[in-house]
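> what follows is a predicted structure for the sequence shown.
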Amino acid sequence: MKNKEINELKMKLSRYTFESFEKEKIISVIFSCMDESIFYPIICKNTDIFSEIAKKFYEIYPDYMKDNIFMINGNKIDENKTLIQNNIDYGSIIEIKNIY
């Protein structure tokens, strides 16, 4: 009986693409362009480094891979910091601004 229950739990856990540890949260952030041509959500963890999230965005929108800065609530995002350190939380809208 216990083995069956363990196997069922393992099967349920295998459906998740993220492993979440203590104090981590699975969140969704939204990338948006000034011209409103993009409004794209990405699922991530609040402990992820922002540059990794930006890389996921560029995989979907490679044409936007140029001199951009990312902003949240009027503040420039430090791509080397985590989402927590950049005050990015669930549902945050990340603005993409081209700097050329």
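Yep, that arrived. Numbers count the residues shown, from 1 in each chain.

> helix or strand: which one has residue 30?
Here residue 30 sits within strand 26-33, counting by DSSP states H and E.

> what does stretch 71-80 contact?
49-51, 54, 69-70, 85-88, 92-95, 97 (Cβ atoms under 8 Å, 6 or more residues apart in numbering). For every residue, glycine as well, the C-beta is placed using N, CA and C.

> can you select the buried ones among the residues you listed for me in PyMOL?
Those of the contacts of stretch 71-80 that count as buried under 16 or more other Cβ atoms under 10 Å are selected in PyMOL with:
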select buried, resi 49+50+54+70+86+88+92+94+95
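
> which parts of this structure are helices?
Counting by DSSP state H, the segments of the chain that form helices are 2-14, 50-60.

> out of those helices, nearest to residue 28?
Residue 28 lies closest to helix 50-60 among the helices of the chain, at 10.8 Å (Cβ to Cβ).

> got the CA coordinates for the closest one in CSV?
Extracted in CSV, the C-alpha atoms of helix 50-60 (Å, rounded to 0.1, in the frame of the first residue of the first chain):
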residue,chain,number,x,y,z
PHE,A,50,17.0,37.9,-14.1
SER,A,51,19.4,37.3,-17.0
GLU,A,52,18.2,33.7,-17.2
ILE,A,53,14.6,35.0,-17.5
ALA,A,54,15.6,37.5,-20.2
LYS,A,55,17.3,34.6,-22.1
LYS,A,56,14.0,32.7,-22.1
PHE,A,57,12.3,35.8,-23.5
TYR,A,58,14.9,36.1,-26.3
GLU,A,59,14.4,32.4,-27.2
ILE,A,60,10.8,33.3,-28.1
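
> in the chain, what secondary structure element scores lowest on mean pLDDT?
Within the chain, no helix or strand scores below helix 2-14, which has a mean of 80 by mean pLDDT, DSSP states H and E.

> beta partners of residue 93?
Assessed by DSSP bridges, residue 93 has beta-bridge partners residue 30.
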